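Asker: would you be able to build a 3D model of this:
(chains A, B and C)
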Amino acid sequence: MNQEEELLSQLNDVQQRAVKQIEGPVMVIAGAGSGKTRVLTYRIAYMLTRGISPFQILALTFTNKAAGEMKERIFKLVGNSNAKAVSMGTFHSIFYRIIRVEGSRLGYNQNLTVYDADDTKSMIKSIVKEMQLDPKIYVANYIQNRISSAKSSLFSEEDYAQNPEIREADARSGKPLIADIFMRYNQRLKSANAMDFDDLLYYMNVLLRDYPDVLYKYQQRYRYILVDEYQDTNYAQYLIIKKLAAAYQNICVVGDDAQSIYSFRGADITNILNFKRDYPTCEIIKLEQNYRSTQNIVNAANAIIKNNKDQMYKEIWTDNAEGSKINILKTGSDTEEAFAIADAIFEIKVNEQASHSQFAILYRTNSQSRAIEEVLIKRHIPYKIYAGLSFYKRKEIKDLMAYFRLAVNHYDEESLRRVINYPQRGIGATSVDKLLNCAAEHHERMWNVLTHPDDFNLDVNAPTKARMTDFAARIQSYTALLPTTDAFDLAKHIAESSGIVSALREDPSDKDRIENIEELLDSIKAFTEREPESAFNEVTGELISTYFPSLDHYLETVSLLGDDDEKDDTEDKVKMMTIHAAKGLEFDYVFVTGLEENLFPSSLCVNTRKELEEERRLFYVALTRARKRVMLTYAETRYKFGSLQFAEHSRFLDEIPEKYLNTTRKASAGKGSFSKPEKPSFAKTHSFSVRTNPFSPAVRPAAPKPTVQTKTEAELAQIGELATFDQIVVNKRVYHNKFGYGVVISTEGFGDEKKALVAFDTVGNKTLMLKFAKLIIPK
DNA sequence: ATGGAGACCTTTTTT
DNA sequence: AGGTCTCCAT
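Answerer: This next block holds a predicted model:
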């Protein structure tokens, strides 16, 4: 067999079609677990074996991880040398490279800095302050969102300011000045020689729109274009692809409309739904065979997604075994939910000889992880939370990187403001403010005022001025070292001479931070030693022989990196993450937790059909992560923002046909540790009551009517029996003659000294001395 | 200038 | 509950 035949022999018929159709527009609808990555990588490998130049191939992904994995797999198929020259990466990283080459046309210079969400947020805050607006009305997050959505839809700041709908919407929301903020925001970015993430896409569009030679160049260069996760593209991405592909029309998009879960970030599902309209001659190939999950899981997931109106027809099926039915596990509280999960993990581990690493616990929101984490610790179950704070977002890392950035780009004001007095060097807030105002008055960059204070009559005292000059000189000394000192040596030099490390050494509690800095330096070391990933001239494809691993190159590669999330599969740990984070991954045993109304679906996403359908797709994604088994859990009570909330089970649970479930959903009386004999509970009587109005401020489900008047002995007897001290345990539902219904949160002490903290539905938390408080256990 | 106490605000988030 | 931000007291 030749290489080509060998590649094809490893694919099913439909996959082969998707791989072989390399000319013309192709859309591959890849159901969950249908071998999407396989098709993409084999397609590229196939093109290479057919003699297509790797320089002509552009493969776009959403995550660095996806790009990395694909690269690795292609290397394995066709060898390093050929595959390396394929332009494969995230939208942002590929366009960032092009913008660095072409940026002078946009008024940017080579040392372009990319501002991350933290940078832009702090910039917005500072603009709001500068404009003397109320930061409680002009909330940074909100403004950030408005600007980001605008840019993703290719609205310039003028478009934004002039669009009547936008003006009206902003006026109605009491924030008529967002357009002005937007304008200043862009001015600041430009003056800082910086772009935000959205700009990388926005300006790429500008280049292709306004410079026909640029359009022509990249159309000629990228004759074969592949796009992963096409359902997640926003308008800016969509249009770039469309323009680049216009000349040769060799465009292959791969995606699954059923797994579109990022519309809140501007992803536009209509891009995939309208592909046929954009490319009437396109071939549509559906990968419908699922290789991942059992029949039960596939069928249940199909049944769920059928409830969505916006979708492309497809019939996902599998040859795999029927498999276990799905378990639904109802518990009294978030803590009980966690214990039930721990029990189930233990049981499955024993019964099916599974290892911890085969389990994943998924949730809608990160905040749900804590209760689970606490219990897993108690039960000595090793776990790893994939979440939240990226390494690069840690304060000490950002601080040090700010020095790096400033050394490369003196106009990077966010970095300048961050480190001008860190570590403390006697340039306090007042002085910085003076510097800022002075720069603003003269329409000058902060850096220029800093280095020439007298030219601008900067009003600070002589010692402060000297400290400022010192600081600038220090940064300049770093800049001078850039061309000759490699990234690691310079980074190390900066870490030490800037005083960051010594400042951290002073406080023993900062030991972790020092370790993080060491870790960063290690990774920079690895960068300097690594063979350059793309030492090609982006335009000509020429090999660049004079590549030097400098700190500015390091910043270029790292500025678009999320977390390295060493997905150490070797570690035998249960994995915990949000469902969003789980997309694209698979596990043998999957717990989907918190299946409660207002949590999943989220209370913020049930107002429109589109929102609800996205939540449903999210549920679909969650289910289809599992190879062998799915366990769905929900709790009747849960702490939310510190207070106890009652919950109904999620409507999604009702959408799973009974035949795929292990137990009847109302009374989980089956065997196995998931099921608990159902005790008379609050939820049983109330969980099917009328849904609460999502618009009403009281999100919590209807609680029993507050008892204003105290009741007689006889009436109390109707409610339940007087509790003994022993019966008062955590999560127990109780009734108090004055405070009404509540749930025990914690207890303390024993016998006559025993106290209980009770969360009452109407009057909040009370600590009660049990020998005085006559608590009743409701029937 | 700096730190501690209170007020405030909470989704998901590939880049 | 917990993290972040602001403001006031030192």
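Asker: quickly note the distance from the residue nearest to A:Ile316 when sequence neighbours are not counted to A:Ser263.
Answerer: Leaving aside its sequence neighbours, A:Ile316 sits nearest to A:Gly31 (Cβ to Cβ, 6 or more residues apart in numbering; 4.2 Å). Bear in mind the C-beta positions are built from the backbone N, C-alpha and C, glycine included. Between A:Gly31 and A:Ser263 the computed distance is 20 Å (Cβ to Cβ, to the nearest Å).
Asker: equivalent analysis for A:His649, please.
Answerer: Distance of A:His649 to A:Ser263, computed by Cβ to Cβ: 25 Å.
Asker: those two: who's more crowded?
Answerer: For A:His649 versus A:Ser263, neighbours defined as other Cβ atoms under 10 Å are more numerous around A:His649 (21 against 18).
Asker: average model confidence for stretch A:96-113?
Answerer: The average pLDDT for stretch A:96-113 rounds to 91.
Asker: what's the answer for stretch A:286-299, then?
Answerer: For stretch A:286-299, the mean per-residue pLDDT is 96.
Asker: also stretch A:234-244?
Answerer: 96.
Asker: low-confidence ranges in chain A?
Answerer: By pLDDT under 70, the low-scoring segments of chain A are A:388-389, A:532-546, A:562-569, A:663-715, A:726, A:746-755, A:761-769, A:771-772.
Asker: select the longest strand from it.
Answerer: strand A:626-640 (DSSP state E).
Asker: sheet partners, orientation included, of the helix or strand just after it?
Answerer: Later in the chain than strand A:626-640, the nearest helix or strand by DSSP states H and E is strand A:643-646. Sheet pairing of strand A:643-646 (DSSP bridges) gives strand A:626-640 (antiparallel).
Asker: say whether DNA strand C is contacted by the strand it pairs with.
Answerer: Yes. For strand A:626-640 and DNA strand C, the contact criterion (Cβ under 7 Å from any atom of the strand) is met by A:Tyr639.
Asker: what's the distance between that strand and the middle of its chain?
Answerer: Put simply, strand A:626-640 sits 21 Å off its chain's centre (Cα atoms, centre = their mean, to the nearest Å).
Asker: next: stretch A:446-453.
Answerer: The answer for stretch A:446-453 is 38 Å, by Cα atoms, centre = their mean.
Asker: hmm, back to that, for the longest strand of chain A, output the C-alpha coordinates as PDB.
Answerer: Output of strand A:626-640 as PDB, limited to C-alpha atoms (Å, rounded to 0.1, in the frame of the first residue of the first chain):
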ATOM      1  CA  ALA A 626     -19.300   9.900  28.200                       C
ATOM      2  CA  ARG A 627     -18.000   6.600  26.700                       C
ATOM      3  CA  LYS A 628     -19.600   4.200  29.200                       C
ATOM      4  CA  ARG A 629     -21.900   5.800  31.700                       C
ATOM      5  CA  VAL A 630     -23.700   9.000  32.500                       C
ATOM      6  CA  MET A 631     -24.900   9.900  36.000                       C
ATOM      7  CA  LEU A 632     -27.100  13.000  36.300                       C
ATOM      8  CA  THR A 633     -27.400  14.500  39.700                       C
ATOM      9  CA  TYR A 634     -29.400  17.300  41.300                       C
ATOM     10  CA  ALA A 635     -30.000  18.700  44.700                       C
ATOM     11  CA  GLU A 636     -33.000  20.100  46.400                       C
ATOM     12  CA  THR A 637     -31.100  22.800  48.200                       C
ATOM     13  CA  ARG A 638     -28.000  24.500  47.300                       C
ATOM     14  CA  TYR A 639     -25.900  27.400  48.500                       C
ATOM     15  CA  LYS A 640     -25.900  30.200  46.100                       C
END
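Asker: in it, which residues are buried?
Answerer: Neighbour counts over strand A:626-640 (16 or more other Cβ atoms under 10 Å) mark A:626-640 as buried.
Asker: ditto for stretch A:503-520
Answerer: Neighbour counts over stretch A:503-520 (16+ other Cβ under 10 Å) mark A:503-504, A:510, A:513-514, A:516-517, A:520 as buried.
Asker: who in the stretch 51-200 of chain A is up against DNA strand B?
Answerer: A:62-65, A:90, A:92-93, A:116-117, A:136, A:139, A:141, A:197.
Asker: please redo it, this time with the cut-off set to 10 Å
Answerer: For the stretch 51-200 of chain A, the residues in contact with DNA strand B (Cβ under 10 Å from any atom of the strand) are A:61-68, A:89-96, A:114, A:116-118, A:135-137, A:139, A:141-142, A:144-145, A:148, A:152, A:196-198, A:200.
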